[in-house]
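Asker: Next input, structure requested:
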Amino acid sequence: MSGATTEVRDIDDLIEDLLAKADAECLSALFDSMPLSDALRELLQLSPTERDAVLSLLPSEKSRKTDRRST
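Answerer: Numbers count the residues shown, from 1 in each chain. Alright, predicted model coming up:
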């Protein structure tokens, strides 16, 4: 397994863990640390239910910015 694949898996696992804990502060910090394109890519890899849960935990300004693409 390549380093890039491992890093993506680690981020996916981290998002799942933070979502399970409903840790809005850490989710927000994680998405803030990513370029917008990477954050959107991560959101699109989630199931619709998980995506909705993440967006509901993010501060409303950040949710509006990332959710505009779906309208």
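
Asker: for stretch 49-65, which positions count as buried?
Answerer: The neighbour-count check on stretch 49-65 (16 or more other CB atoms under 10 Å) flags 51, 54-55, 57-58, 62 as buried. (Each C-beta comes from the backbone N, C-alpha and C, glycine too.)

Asker: and what of stretch 28-43?
Answerer: Applying 16+ other CB under 10 Å to stretch 28-43 flags 28, 30-31, 39, 42-43 as buried.

Asker: out of these, which one sits closest to Arg9?
Answerer: Glu42 (11.7 Å; CB to CB).

Asker: per-residue confidence for that closest one?
Answerer: On the pLDDT scale, Glu42 is placed at 93.

Asker: just the buried residues of stretch 49-65 now: which is nearest Arg9?
Answerer: Using CB to CB, the buried residues of stretch 49-65 come closest to Arg9 at Val54, 17.4 Å.

Asker: quick one: low-confidence ranges for this protein?
Answerer: Across the chain, the ranges flagged by pLDDT under 70 are 1-8, 61-71.

Asker: can you do 80?
Answerer: 1-9, 61-71 (pLDDT under 80).

Asker: Quick check: what element follows the helix or strand Arg9 falls within along the chain?
Answerer: Per DSSP states H and E, Arg9 falls inside helix 3-21. Counting by DSSP H and E, the next helix or strand C-terminal to helix 3-21 is helix 24-32.

Asker: thinking again about what came up before, how about the buried residues of stretch 49-65 in a markdown table, adding secondary structure and distance to Ala24?
Answerer: Below are the buried residues of stretch 49-65 laid out as a markdown table (DSSP: H, G, I helix; E, B strand; the rest coil; distance: CB to CB, whole Å):
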| residue | secondary structure | distance to Ala24 |
| --- | --- | --- |
| Arg51 | helix | 15 |
| Val54 | helix | 9 |
| Leu55 | helix | 11 |
| Leu57 | helix | 4 |
| Leu58 | coil | 7 |
| Lys62 | helix | 10 |
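
Asker: Alright, I will stop here.
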